[in-house]
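Asks: Need coordinates for the below:
(chains A, B, C and D)
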Protein chains: 4
Amino acid sequence: MISNSLSVACIGLGRMGSGIARNIQRAGFPLTVFNRTAEKSKPLVAAGAKAARTPREAAAAADIVVTNLMDDASVIATMMTDNGLLAGMRRGAIHISTTTISPTVSTRLAQLHAAQGSHYVAAPVAGRPDAAATGQLLTFVAGEADVVERCRPVFQAYTRQVLTVGTDPAVAMSLKLVGNFIVVGMLELFGEAYLLAEKRGVDTAILTNMLKMWMPASSEYVERISSRRFGDAGFTLDAGLKDVRLILDAAMEVHVPLPYANVARDRCITAQARGMGQQDWSALTEIARIDAGEK
Amino acid sequence: MISNSLSVACIGLGRMGSGIARNIQRAGFPLTVFNRTAEKSKPLVAAGAKAARTPREAAAAADIVVTNLMDDASVIATMMTDNGLLAGMRRGAIHISTTTISPTVSTRLAQLHAAQGSHYVAAPVAGRPDAAATGQLLTFVAGEADVVERCRPVFQAYTRQVLTVGTDPAVAMSLKLVGNFIVVGMLELFGEAYLLAEKRGVDTAILTNMLKMWMPASSEYVERISSRRFGDAGFTLDAGLKDVRLILDAAMEVHVPLPYANVARDRCITAQARGMGQQDWSALTEIARIDAGEK
Amino acid sequence: MISNSLSVACIGLGRMGSGIARNIQRAGFPLTVFNRTAEKSKPLVAAGAKAARTPREAAAAADIVVTNLMDDASVIATMMTDNGLLAGMRRGAIHISTTTISPTVSTRLAQLHAAQGSHYVAAPVAGRPDAAATGQLLTFVAGEADVVERCRPVFQAYTRQVLTVGTDPAVAMSLKLVGNFIVVGMLELFGEAYLLAEKRGVDTAILTNMLKMWMPASSEYVERISSRRFGDAGFTLDAGLKDVRLILDAAMEVHVPLPYANVARDRCITAQARGMGQQDWSALTEIARIDAGEK
Amino acid sequence: MISNSLSVACIGLGRMGSGIARNIQRAGFPLTVFNRTAEKSKPLVAAGAKAARTPREAAAAADIVVTNLMDDASVIATMMTDNGLLAGMRRGAIHISTTTISPTVSTRLAQLHAAQGSHYVAAPVAGRPDAAATGQLLTFVAGEADVVERCRPVFQAYTRQVLTVGTDPAVAMSLKLVGNFIVVGMLELFGEAYLLAEKRGVDTAILTNMLKMWMPASSEYVERISSRRFGDAGFTLDAGLKDVRLILDAAMEVHVPLPYANVARDRCITAQARGMGQQDWSALTEIARIDAGEK
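Replies: Numbers count the residues shown, from 1 in each chain, chains lettered A, B, ... in the order given. Sure, this is the predicted structure:
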């Protein structure tokens, strides 16, 4: 580990955020952390991080502030209150926002930073908690080119691949949403396909082999769906429904109907109604079974 | 090329059927051919095949009869008339049916063969005309084990991989339908995803790269969708709609609703209504564009 | 009751058919009856009808043959076998077909009659068994004008209103299907609306009053849905699903996607899967509840 | 016209709001008005109303403040700014909110009023601008019983019927949304039904008569759909899409999927994409035609 001249603050230490922070810490960046429930800061503090009492205090301590939060509301709340991130940001400092939020909100946040002399980089990540823990995330980045360049060592700490998509933060968010849409659409599609195969008497092991061969990158989901094991969530149904709403809203803003997203949304709602919100979002494939008369 | 003791008849010489027949001929099987419009038999006859005047005559000339037809109706018509295949079949001869048809019809055809002492092997193929031409199809097979075994040299003539799925012909058809459902579902999903990306200002080349990396087997479709080129159909929209209906009917028989198949069906109907029935079925992705106000 | 010069045969004596036959009998027409299970003929025979042993025998005895059967398959079977209706029809006799069947099949049946010198009148009925029993059905009629005219006294025996829609039997069937589509669509819509109202804490009695005021003709369905009582079926879910399929197929033939019919179809499939096929088809409204997490 | 002791302020003078205000004025209530664009106040001022310069000033002048605005955002903006309604409300004064907004926002607004000693009454209206102009609206009301009682003379000025639905403002909004959902669902259903009828060769005048007979309250919509005339909007597609979103969000909050609302939403999006946002929302029925290949 070499010492690193950029100081970093990490705000939001959930399953994804703690993995990101840990990798940044391992890479030798002086680290300040903040989480709403302080408990989650402890392992990082034990490993040398400073704990801030507010987002403002965390931001004030850093050249680069990395947030990993829940949704539009939590990002706005973390940024805008008296003790919020914006109030603490140093002039010229950079806010790397890894949370998947609305493209439109993303644009507004960039404007707020610009107005006070700090920088906003949209950097949503693809990958599940184990990828965050091992620094294997995929990051979609949009921001001013030189600002993004300065962030690169930080991205490298937790990311396997950085996909630069221009300067407009809304576009990075949009690409992330498109990616999540494809994932949720495949989940529903595979769920319907497995159900049809099973009810028609097909040995689903054949289907599993075919899908793993065709779409190696989907193997984990294929495994979950074929075995119907949805515990130990990589990405929860609750979070998934949040993203499907963002997808539908982002699509409506540009006048695009997405019938496949509608179905996915309804599946997530039913799954939530049945108390499955904290299961892996691939559990939405169970709802097709209910509609086929199971349970 | 070695001479082969089994004689084969090929009935149905469309884009797929002529490729299959040509490979069987190349493998050295004595070949008889029949097609409703005789024109299509000529290249095979020029290469040494005998031309039959009726399905009955073709069947009477062969140990193994391979049919590649359009749909339930054409298979039933080819089998059941006075000059049909069934009337010609030798005792103990085998009918390899490569057409994708209803699982239920498939079961009935097997019973008709059994009742008169011939054999039915359900052997629907996955792959497009170029794969048929080069002998690279994937065949799903169901039938009595020893009968399937006898067919193996014929399968090998036109098939890259033979997937045996038991003895019930309905199950082979079901698996084929499940496969086609996954394909059509991915087409619609990708179509919606590209549209969303484009309208939100994302450089779709990034999406194309991502999809090719994640799902290498889908590259041809990704290419078509991203470039919006749907001519030179590998599989037509008209044929695709036929299969989506088979999927929905097969699902209804076992009480499985398939909302993603419903959307795909509606897309195909709209595409047909707009005169796109002879384009590649990936052209259904154009309909999402129309619903987003294009054209 | 006055004696009537036209002799009538009634084939198919289920809930609807027996009501129709009884009213024809009451109107004084000499009546011959046939039903696959003879038991159902008894009350009519006790009241003076002759029992035929086959559809052919029934048809041979009558100037006008009224069929009330299940579906395409049962109509075709009743007409086309050696002992079928067509074989028995007198020259110039009329077949009034009250069964809701595919418009396309309807056209073919008319051609079969025409080819042998008898007449086909498409006359599907709207109304439930109690309306059949009391002679209060609504009949949609298509056929040659003079032939329809000759049927009028028979229609009047069991019908409150006769809606003539031209000479093409396919059009009468289409109109009937359109009517049923509107009914099933309203059922699903009301089901979703009640569920939303209830879960949002609205006193659904208010909704019930509003709907009865707006749509007095829907009162029975509104009553069933609001009270969630689906026994004593007027029209079963099984029969409803059959009609939704006819609707979707008739629409596909003319290149019309019907997303609301798709949803209705899926609801019926789920209801069937849950063993509700013999309940009133308004029971499909229960499926929205299951998707909202109930049960 | 008798003079009336209660003073009223009307904020928001669009097509609906100006009709409401005019009727309140006609009933003899001393009236203050405010509209963002002052032009629309003129006829009312000419008839004796006072024009306020801000919502705050309007509210300060009145015992009862009636707002008729656009959506959640406009209601919040009108209430919460320094020159907003809340800042001006007298202690004990009543805010009658006729705008259809989110049930959840409605609850929050009631709390804001309660916290400062004023009252909130949720009173969304059903009916189109001509009903507003003639005082024939239907009002759904929720609020504290005595407060609602005090509003009654005002309601009577512009309302044909007042439907009291308890004390929870969210419930009045929910009922209104349920009502709008039924309307938009019927529009889509009728649109699909007309299209099917037409393409199958049915004389749609028959359908029009049937629908007017079954659902007399829907005659205006049936007329628009059958004649395909969507100008002179009673309720615009843009406003309709806003409401469909409220419906879907209100449903999601209580874990209710609404597939019919999804379809309606997509239709409105497509219609907007085609520049039809200012047409009557029954114009969404045109989209089914596009999906059937028209245009």
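Asks: Burial check on residue A:186, number of neighbours?
Replies: Residue neighbour count, defined by other CB atoms under 10 Å in any protein chain shown, stands at 25 for residue A:186. To be clear about C-beta, it is placed using only N, CA and C from the backbone, and glycine gets the same treatment.
Asks: Now do it against chain C, distance only.
Replies: Separation of residue A:186 from chain C (CB to the nearest CB, to the nearest Å) stands at 20 Å.
Asks: Got phi/psi on that residue?
Replies: Main-chain torsions, residue A:186, degrees, to the nearest 10: phi -70, psi -40.
Asks: shouldn't it be in contact with residue A:218?
Replies: Yes. Between residue A:186 and residue A:218 there is a contact under CB atoms under 8 Å: 6.3 Å.
Asks: Show the end-to-end separation of stretch A:23-30, please.
Replies: By CA to CA, to the nearest Å, the extent of stretch A:23-30 from end to end equals 12 Å.
Asks: Then stretch A:266-282?
Replies: Stretch A:266-282 has an end-to-end distance of 14 Å (CA to CA).
Asks: what's the answer for stretch A:33-50, then?
Replies: Span of stretch A:33-50 from end to end, CA to CA: 6 Å.
Asks: What segments of the stretch 51-200 of chain A are helices?
Replies: For the stretch 51-200 of chain A, the helices defined by DSSP state H, counting those that start in this stretch cover A:55-60, A:72-80, A:85-88, A:103-116, A:129-133, A:145-158, A:169-199.
Asks: Export the ones you listed as a markdown table, with columns for mean pLDDT.
Replies: Output for the helices of the stretch 51-200 of chain A, formatted as a markdown table (pLDDT from 0 to 100):
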| stretch | mean pLDDT |
| --- | --- |
| helix A:55-60 | 97 |
| helix A:72-80 | 93 |
| helix A:85-88 | 96 |
| helix A:103-116 | 95 |
| helix A:129-133 | 93 |
| helix A:145-158 | 96 |
| helix A:169-199 | 97 |
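Asks: Show the model's pLDDT score for residue A:273.
Replies: In this model, residue A:273 is scored at 98, pLDDT.
Asks: measure the nearest residue to residue A:125 once chain neighbours are set aside to residue D:96 for me?
Replies: Ranked by CB to CB, 6 or more residues apart in numbering or on different chains and with sequence neighbours excluded, the top spatial neighbour of residue A:125 is residue A:137, at 4.4 Å. From residue A:137 across to residue D:96, the span is 52 Å (CB to CB, to the nearest Å).
Asks: Neighbours of residue A:5, how many?
Replies: Residue A:5 has 9 nearby residues by other CB under 10 Å.
Asks: So it belongs to a strand, correct?
Replies: No. If the criterion is DSSP: H, G, I helix; E, B strand; the rest coil, then residue A:5 is coil and not within a strand.
Asks: circling back: I'd like the helices of the stretch 51-200 of chain A as CSV, with distance to chain D appended.
Replies: Below are the helices of the stretch 51-200 of chain A laid out as CSV (distance: least, CB to the nearest CB, whole Å):
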stretch, distance to chain D
helix A:55-60, 25
helix A:72-80, 13
helix A:85-88, 21
helix A:103-116, 13
helix A:129-133, 26
helix A:145-158, 32
helix A:169-199, 13
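Asks: Go through those and name the closest to chain B.
Replies: helix A:169-199 (3.6 Å; CB to the nearest CB).
Asks: buried sites along that closest one?
Replies: Neighbour-count burial for helix A:169-199 flags A:169-199 (criterion: 16 or more other CB atoms under 10 Å in any protein chain shown).
Asks: Also near chain B: which of those, exactly?
Replies: Among the buried residues of helix A:169-199, the residues within reach of chain B (CB under 8 Å from any CB of the partner chain) are A:170-171, A:174-175, A:177-179, A:181-182, A:185-186, A:188-190, A:192-193, A:195-197, A:199.
Asks: measure residue A:32 to residue A:273 for me?
Replies: When residue A:32 is compared with residue A:273 (using CB to CB), they lie 41 Å apart.
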